[in-house]
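Enquirer: pasted the sequence and its predicted model underneath.
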2 protein chains.
Amino acid sequence: MELIDQHRAFDGEQRRYRHKARSLDCDMTFSVFLPPKWRSESPLLYWLSGLTCTDENFVQKAGAQRAAAALGLVLVAPDTSPRGETVANDEAYDLGQGAGFYVNATEEPWSRHYRMEDYIVEELPAQLRSELGLRGRSGISGHSMGGHGAISLALKHPERYSSVSAFAPIANPSACPWGEKAFSAYLGKNRREWERHDSAVLLAEHKAPWPILVDVGSSDGFLAEQLRPEALERAALASGSEVSVRRREGYDHSYFFVASFMDEHLQFHADQLTTRP
Amino acid sequence: MELIDQHRAFDGEQRRYRHKARSLDCDMTFSVFLPPKWRSESPLLYWLSGLTCTDENFVQKAGAQRAAAALGLVLVAPDTSPRGETVANDEAYDLGQGAGFYVNATEEPWSRHYRMEDYIVEELPAQLRSELGLRGRSGISGHSMGGHGAISLALKHPERYSSVSAFAPIANPSACPWGEKAFSAYLGKNRREWERHDSAVLLAEHKAPWPILVDVGSSDGFLAEQLRPEALERAALASGSEVSVRRREGYDHSYFFVASFMDEHLQFHADQLTTRP
């Protein structure tokens, strides 16, 4: 694991690493913010970014370091897909590099590298444990495609995560254009397979073991067709899960929206991570 | 004045405008953050950015909107030079477009467009007054080249500004490589002319009518050769001015440094702008 960039920020350290990711069979870059006086037991928050993003969008635009420093949270921002010249890609912004959708692809030409679920849930935490000694409890959050990733990975691996939130998540990807396109490419034509990675479907079937905090902007241009937060609310009702979807008047899909409510999400995660068993 | 982008942020509005700048004889883009419940009397803080920047670096990376919203400050972020295909330029990052140095150029080929002092001090405030009704008191701050711009413009036009601060300013440009290169191009070979735009020289000759707050990072790679904050401290002693230069241990020249101390600067400006005559 190679340290490729480092800046002091809010009396902590904003670092960027490159490493050889076995699960993805390529080199990967990720960012980590270490708060002041971090310890191996410090709680971690994984942030999954949206379409077209790398690890840097969150690090530069979300304004999360200030509150994370105050709360003692480690912030981990992975990339959104495998990368590289030999990695399969597509010209569209919503498929291929920058659009991994946090699943393990089973279809060609994607199945060799596109194993983002394994990378996020298994390999990256193991890497942080072995290289930086980080073994604290973990929360997970994200934006848009990353909001889908956060909720669906947490529901699939509830033992791994103690707190879950999302900004403008693609809540029901098996029933929206972005999800239909990506899931049919990565997972094939069987819609039953898609549903195993769909937050709304998963939540309808199983009561979530933690409350889930979701913010969406009322002026988000993707709200009705792509995000479908109402599907998440219906699913929560069906399973008796505690899901709070807050519609923020006038906010859009940008990082200005994310930054505006970041402090509340970080406080939510810190509360969950320090009080839940 | 054309509104080209707009996002709700922290219950205020982050806007971006394009307009025809007479002083610069070209189209210019700038950003303005309007805090919640802004009024025509709301205080304004002008932010001048550094080499290679546009208005967007500050808007996206400084994390200033949260505190500005809480303090009721309007944030104005202009571009760092005239722009356009017909505007003189240079291949280097530290001359020409992106490197206006906030002076009115007298030399060719720069003198037609490079009149950033007039633009920042006269035209942009007049534009904001006539188009948005903003006529509150103004503070000025900036980073690196923009820190030079903030302090030197405020010292040259003390009636225009009621509060002044800077992050890692080029404090003594007539005696550092960046300043020598830019000033000789824009202002000619006469060093006496350069000194009329040099914060340390101006401050040594005239007592500043307000306290000046400066933060610099101890690990800033430009500190000794380009920034020279000690020249500002010596000048303040000579004129009896109140200048506080705080050396921040381990911080570098990046926006992570700027973001880390942004809230303190905004509070400083808000205090000055609401209490000084």
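Expert: Sure, I can see it.
Enquirer: tell me the secondary structure for the residue nearest to A:Asp11 when sequence neighbours are not counted?
Expert: Spatial nearest neighbour of A:Asp11, excluding adjacent residues (CB to CB, 6 or more residues apart in numbering or on different chains): A:Pro36 at 4.3 Å. No exception for glycine: its C-beta is placed from N, CA and C like everyone else's. Put simply, A:Pro36 is coil when judged by DSSP: H, G, I helix; E, B strand; the rest coil.
Enquirer: is it true that A:Pro36 touches A:Ala68?
Expert: No. A:Pro36 is beyond contact range of A:Ala68, at 10.0 Å (criterion: CB atoms under 8 Å).
Enquirer: now do the shared contacts for those two.
Expert: Jointly contacting A:Pro36 and A:Ala68 under the rule CB atoms under 8 Å, 6 or more residues apart in numbering or on different chains are A:10, A:12.
Enquirer: what's the offset of the host helix or strand of A:Ala238 from the middle of its chain?
Expert: Assigned by DSSP states H and E, A:Ala238 falls within helix A:229-239. On the basis of CA atoms, centre = their mean, to the nearest Å, helix A:229-239 sits 20 Å off its chain's mean C-alpha point.
Enquirer: any idea of the mean pLDDT in stretch A:170-184?
Expert: Averaging pLDDT along stretch A:170-184 gives 98.
Enquirer: ok, now stretch A:233-250?
Expert: In this model, stretch A:233-250 has a mean pLDDT of 98.
Enquirer: can you give the contact residues for it?
Expert: Contacting residues not belonging to stretch A:233-250 are listed as A:199-208, A:210-219, A:229-230, A:232, A:257, A:260-261, B:8 [CB under 8 Å, 6+ apart].
Enquirer: can you tell me which of the residues you listed end up in strands?
Expert: The members of the contacts of stretch A:233-250 that map onto strands under DSSP state E are A:212-217, B:8.
Enquirer: could you dump those to CSV with neighbour count?
Expert: Formatted as CSV, the ones in strands among the contacts of stretch A:233-250 follow (neighbours: other CB atoms under 10 Å in any protein chain shown):
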residue, neighbour count
A:Ile212, 24
A:Leu213, 22
A:Val214, 27
A:Asp215, 25
A:Val216, 26
A:Gly217, 27
B:Arg8, 20
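Enquirer: now those residues in a markdown table, with pLDDT and distance to B:Ser40?
Expert: Below are the ones in strands among the contacts of stretch A:233-250 laid out as a markdown table (pLDDT from 0 to 100; distance: CB to CB, whole Å):
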| residue | pLDDT | distance to B:Ser40 |
| --- | --- | --- |
| A:Ile212 | 98 | 43 |
| A:Leu213 | 98 | 38 |
| A:Val214 | 98 | 38 |
| A:Asp215 | 98 | 32 |
| A:Val216 | 98 | 33 |
| A:Gly217 | 98 | 28 |
| B:Arg8 | 98 | 21 |
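Enquirer: when A:Pro36 and A:Ala68 are compared, which one has more neighbours?
Expert: A:Ala68 (26 against 11; other CB atoms under 10 Å in any protein chain shown).
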